[in-house]
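**Q** Could you work out the structure for the sequence below:
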Amino acid sequence: MGELILAGAGHAHMLLMEAIPDIIADGHRVTVINSDDRHYYSGMGPGLLGGAYRHDEISFPVKSMVESRGGAFVLGRVARIDPHKRLVILESGQEVPYDVLSCNLGSYVPSGLADEGCPDVYTVKPIQNLLQARMRIQEIASERSVRIGICGGGPAALEMAGNVWAAAKEQSRFGAKVQIFTGSAFLHNLPDRVRSLAIRSLKKRGIDIVQGSYVGHVATGCVILQDEQQYEQDIIFLALGVKPSKVFAASDMPTGKDGGLMVNSYLQSISHPEIFGGGDCIWFEPTPLDKVGVYAVRQNPVLVHNVRAQLGGRSLKAFDPGGSYLLIFNIGGGEGILYKNGLSFGGPLAFWIKNYIDRKFIKRFKTDGS
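**A** Down below sits the predicted model:
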């Protein structure tokens, strides 16, 4: 009998958690470790902020999902891994032994530009931050126009800007003054057509894009650029890109350039064959992957096969990242921007498509109807 540990309950582990009864039938035990008894779907996070969804609509109950399938659930946050003793060590000090380990520990938004403990400064992850931010925006907007600064120049900044604008407008005639602070060209990694659609939508809503100098420092109520210009804000969001979980660097395991667990074509640690990984927390050695959920979804069947094969001493399958993927951004107010293979358009239809896909995904894993 083998001990399978799933560290993290994100997108890349969805089918593994579904397959718990089959893994148990193979003669193994399964334990899932997660920092919350629910998993929040990051693709719907901006919609939570903008009021399109309630928190229970964008999450599913991991604990009940695991236990109803015969697995064990451990509530805790992974601090590091001891790959020599085959132990997962939690922040609480608890040690969980494994024979095979699969990691889906996600990513985080660096907050080093902000003073520690600053009120009214929010990173865009974890998703629960966005619910707190929404309540705070509406509290201020009920009395006056709320000033909101978004630090970052990528898709996350676009989605935050559109949805904070929607949150402030929803229940208040005062609305918001929203500014995006991006040192380089806004959305410079996206096609020109997508960028022009985004900028047009932002301008129509009166959202400003401040370019030319990177953010140097963030304090409560103020964004300070590297050129020393200062902008007063009521609420500030840090949307500066994501970094893989720090667990692997803390565990002295081989990592990629961004600190993610370095895995081979089988999604297997290059140094410890009994450890696998998927989603934002890995560095795929054959070719770097964008930090988008589609790759975690595509990794699901490969992780299911390879984890079970490793437990049973069978051959592994290689992961093929596949070709182009659909991009849809939720820009708030029931509108979106869609792009794939040169096709792009914005407006309510783009959001409708995204909403349909996201709700279909989340519904599949709502095992207890909550």
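
**Q** pLDDT value on the closest residue to Arg69 other than its chain neighbours, please?
**A** Nearest residue to Arg69 in three dimensions, chain neighbours excluded: Ile20, at 3.9 Å (Cβ to Cβ, 6 or more residues apart in numbering). Every C-beta, even on glycine, is put in place using the N, C-alpha and C of the backbone. Ile20 carries a pLDDT value of 97.

**Q** Now do the helices in this protein.
**A** 14-18, 20-25, 45-50, 62-68, 128-141, 155-170, 192-204, 247-250, 293-312, 348-364 (DSSP state H).

**Q** report the angle between the axes of the fifth one and helix 155-170?
**A** The one in question is helix 128-141. 40 degrees (axes from the mean of the first three to the mean of the last three Cα atoms, to 10 degrees).

**Q** Helix 128-141 packs against which elements?
**A** Counting contacts by 3 or more Cβ pairs under 8 Å, 6 or more residues apart in numbering; DSSP states H and E, helix 128-141 is packed against helix 45-50, strand 121-123, strand 146-151, helix 155-170, strand 235-238.

**Q** Minimum distance to Leu343: which of the ones you listed has it?
**A** Distance to Leu343, taken as Cβ to Cβ, is lowest for helix 155-170 among the helices and strands packed on helix 128-141, at 17.4 Å.

**Q** Arrange the helices of the chain in JSON lines, one row each, with distance to Ile270 as further columns.
**A** Listed next are the helices of the chain as JSON lines, based on distance: least, Cβ to Cβ, whole Å:
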{"stretch": "helix 14-18", "distance to Ile270": "21"}
{"stretch": "helix 20-25", "distance to Ile270": "24"}
{"stretch": "helix 45-50", "distance to Ile270": "32"}
{"stretch": "helix 62-68", "distance to Ile270": "29"}
{"stretch": "helix 128-141", "distance to Ile270": "34"}
{"stretch": "helix 155-170", "distance to Ile270": "30"}
{"stretch": "helix 192-204", "distance to Ile270": "35"}
{"stretch": "helix 247-250", "distance to Ile270": "12"}
{"stretch": "helix 293-312", "distance to Ile270": "14"}
{"stretch": "helix 348-364", "distance to Ile270": "31"}
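
**Q** list the contacts for the residue nearest to Arg69?
**A** Val30, Val66, Arg69, Gly70, Gly71 (Cβ atoms under 8 Å, 6 or more residues apart in numbering).

**Q** Any chance of JSON lines for the helices and strands packed on helix 128-141, columns mean pLDDT, mean neighbour count and distance to Leu187?
**A** Converted to JSON lines, these look like this (pLDDT from 0 to 100; neighbours: other Cβ atoms under 10 Å; distance: least, Cβ to Cβ, whole Å):
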{"stretch": "helix 45-50", "mean pLDDT": "96", "mean neighbour count": "26", "distance to Leu187": "15"}
{"stretch": "strand 121-123", "mean pLDDT": "93", "mean neighbour count": "23", "distance to Leu187": "20"}
{"stretch": "strand 146-151", "mean pLDDT": "96", "mean neighbour count": "25", "distance to Leu187": "13"}
{"stretch": "helix 155-170", "mean pLDDT": "95", "mean neighbour count": "25", "distance to Leu187": "6"}
{"stretch": "strand 235-238", "mean pLDDT": "96", "mean neighbour count": "26", "distance to Leu187": "16"}
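
**Q** Any chance of a markdown table for the ones you listed, columns distance to Ser213?
**A** Compiled in a markdown table, the helices and strands packed on helix 128-141 are given as follows (distance: least, Cβ to Cβ, whole Å):
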| stretch | distance to Ser213 |
| --- | --- |
| helix 45-50 | 26 |
| strand 121-123 | 19 |
| strand 146-151 | 12 |
| helix 155-170 | 16 |
| strand 235-238 | 16 |
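
**Q** for the ones you listed, which one sits closest to Arg136?
**A** Ranking these by proximity to Arg136 (Cβ to Cβ) places strand 235-238 first, at 6.2 Å.

**Q** Given the closest one, what are its sheet partners and their directions?
**A** Taking DSSP bridges as the criterion, strand 235-238 sits next to strand 121-123 (parallel), strand 146-151 (parallel) in its sheet.

**Q** any idea how far the residue sitting nearest the centre point of the chain is from Cys281?
**A** Residue closest to the mean C-alpha point of the chain, counted by Cα atoms, centre = their mean, is Ser42 at 4.7 Å. Distance, Ser42 to Cys281, by Cβ to Cβ, to the nearest Å: 13 Å.

**Q** Let me see the contact set for Thr123.
**A** Here Thr123 is in contact with Tyr108, Val109, Ser111, Asn129, Phe237, Leu238 (criterion: Cβ under 8 Å, 6+ apart).

**Q** Between the two ends of stretch 274-287, what distance do you get?
**A** Stretch 274-287 has an end-to-end distance of 22 Å (Cα to Cα, to the nearest Å).
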